[in-house]
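Student: What shape does this take:
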Amino acid sequence: MQLILISGLSGSGKSVALRSLEDAGFFCVDNLPATMLSDAMALYRNYGYQQIAISVDTRSHPTLGALPLQMKALREAGIDVRLFFLEAKQPVLVKRFSETRRSHPLAGMGLSLEECIEMEMELLAAIAELGIRMDTSELSANTLKSWVRQLVDSDGNRLTLLFQSFGFKHGVPLDADFIFDVRCLPNPHYIAELRPLTGKDQPIIDYFASEPKVAEMIADIRSLLLKWLPEFKLENRSYLTVAIGCTGGQHRSVFIAETLARAFEHEQVLLRHRQLQRNGCD
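Tutor: Reported below is the predicted structural model:
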């Protein structure tokens, strides 16, 4: 059996993620108390369900403390358990609640929206460390669905090395384990004919191939990851997210993320470009 747990901040896209799994054939349950996970999975097994997706979040926050032990017990029972933790930057969450006019699940405590978000972050801080974190601040619904499906399709018994490019001017991604700043490298943005292109285009690739410092930066990042990746595997990590940032997330970070993904193709690798998907280029 496979169990995908969806958790995270209210307004971060948990419903979108759950619907994408339902479309993929998962039996989905929204807002199940964590204390009921083992009993629910035993029931679903009796009915012959093989792929289950369950949302567990602060709507049942008194039971969240039971989640780590519940996950451990289910894994010991031979179930492939993965947790996806969705989050977004506070201004983005405030904007989403304002646009939808929904109330926050913790609003009944007499707190402002900002205070509700801060409290929810505190309540879920320990849960965030149990799975892969996904920063949805700049993601469209379709992109989030695609990313969730990619993670589900990956082999849960192997560490997934996730390379993602981003632009510092759009903010640092919340879900990164490593962040490498490559803004010190030559920038094709200042060459008129290269400016509209991305790090995936051949003229940009040729431009960076002629810059020794770019190759040196890539070699240093690759060397660090090669040295420490075995240690992360020993910790039974399922995912390791390596973020490469330049100014706009268009040229340098994209090229380097693409190059590193190819360098580690012997591993289980996912590749994402946060700004390219936002601009419709990916």
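Student: okay, how far is it across stretch 25-38, tip to tip?
Tutor: One end of stretch 25-38 sits 21 Å from the other (CA to CA, to the nearest Å).
Student: mean confidence for that stretch?
Tutor: Average pLDDT, stretch 25-38: 96.
Student: Buried ones in that stretch, by neighbour count?
Tutor: Buried residues in stretch 25-38, counted by 16 or more other CB atoms under 10 Å: 26, 28-30, 32-38. Placement of C-beta: from N, CA and C, glycine included.
Student: Please point out which parts of the strand or helix carrying residue 97 sit buried.
Tutor: For residue 97, the element it lies in under DSSP states H and E is helix 90-100. Buried residues in helix 90-100, counting neighbours by 16+ other CB under 10 Å, are found at 92-94, 96-97.
Student: what's the angle between the helix or strand following it and helix 90-100?
Tutor: Next helix or strand after helix 90-100 toward the C-terminus (DSSP H and E): helix 113-128. Put simply, helix 113-128 runs at 120 degrees to helix 90-100, going by axes from the mean of the first three to the mean of the last three CA atoms, to 10 degrees.
Student: Name every strand pairing with the next helix or strand along the chain from helix 113-128 and say which way it goes.
Tutor: Remark: after helix 113-128, the chain's next helix or strand is strand 132-135, criterion DSSP H and E. Partners of strand 132-135 in the sheet, by DSSP bridges, are strand 80-87 (parallel).
Student: from the middle of its chain, how far away would the strand it pairs with be?
Tutor: Relative to the centre of its chain, strand 80-87 is centred 9 Å away, using CA atoms, centre = their mean, to the nearest Å.
Student: mind saving the C-alpha coords of it as CSV?
Tutor: What follows is strand 80-87, C-alpha atoms only, in CSV (Å, rounded to 0.1, in the frame of the first residue of the first chain):
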residue,chain,number,x,y,z
ASP,A,80,5.0,3.2,1.8
VAL,A,81,4.3,6.4,3.7
ARG,A,82,5.3,9.8,2.4
LEU,A,83,4.5,13.3,3.8
PHE,A,84,4.3,16.4,1.6
PHE,A,85,4.3,19.6,3.6
LEU,A,86,3.0,22.6,1.7
GLU,A,87,3.9,26.2,2.8
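Student: Touching that strand from outside, list them.
Tutor: Strand 80-87 has contacts (CB atoms under 8 Å, 6 or more residues apart in numbering) with 1-9, 12-14, 17, 71, 74-75, 124, 127-128, 130-136, 148, 151-152, 156, 174-175, 238.
Student: coming back round to it: in JSON lines: the buried residues of stretch 25-38, plus distance to residue 222 and secondary structure.
Tutor: JSON lines is the format used below for the buried residues of stretch 25-38 (distance: CB to CB, whole Å; DSSP: H, G, I helix; E, B strand; the rest coil):
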{"residue": "26", "distance to residue 222": "36", "secondary structure": "coil"}
{"residue": "28", "distance to residue 222": "40", "secondary structure": "strand"}
{"residue": "29", "distance to residue 222": "42", "secondary structure": "strand"}
{"residue": "30", "distance to residue 222": "42", "secondary structure": "coil"}
{"residue": "32", "distance to residue 222": "42", "secondary structure": "coil"}
{"residue": "33", "distance to residue 222": "45", "secondary structure": "coil"}
{"residue": "34", "distance to residue 222": "40", "secondary structure": "helix"}
{"residue": "35", "distance to residue 222": "45", "secondary structure": "helix"}
{"residue": "36", "distance to residue 222": "45", "secondary structure": "helix"}
{"residue": "37", "distance to residue 222": "40", "secondary structure": "helix"}
{"residue": "38", "distance to residue 222": "42", "secondary structure": "helix"}
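Student: Format the buried residues of helix 90-100 as JSON lines; extra columns: pLDDT and distance to residue 247.
Tutor: What follows is those, written out as JSON lines (pLDDT from 0 to 100; distance: CB to CB, whole Å):
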{"residue": "92", "pLDDT": "95", "distance to residue 247": "21"}
{"residue": "93", "pLDDT": "96", "distance to residue 247": "25"}
{"residue": "94", "pLDDT": "95", "distance to residue 247": "26"}
{"residue": "96", "pLDDT": "93", "distance to residue 247": "26"}
{"residue": "97", "pLDDT": "93", "distance to residue 247": "30"}
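Student: With that, I have no additional questions.
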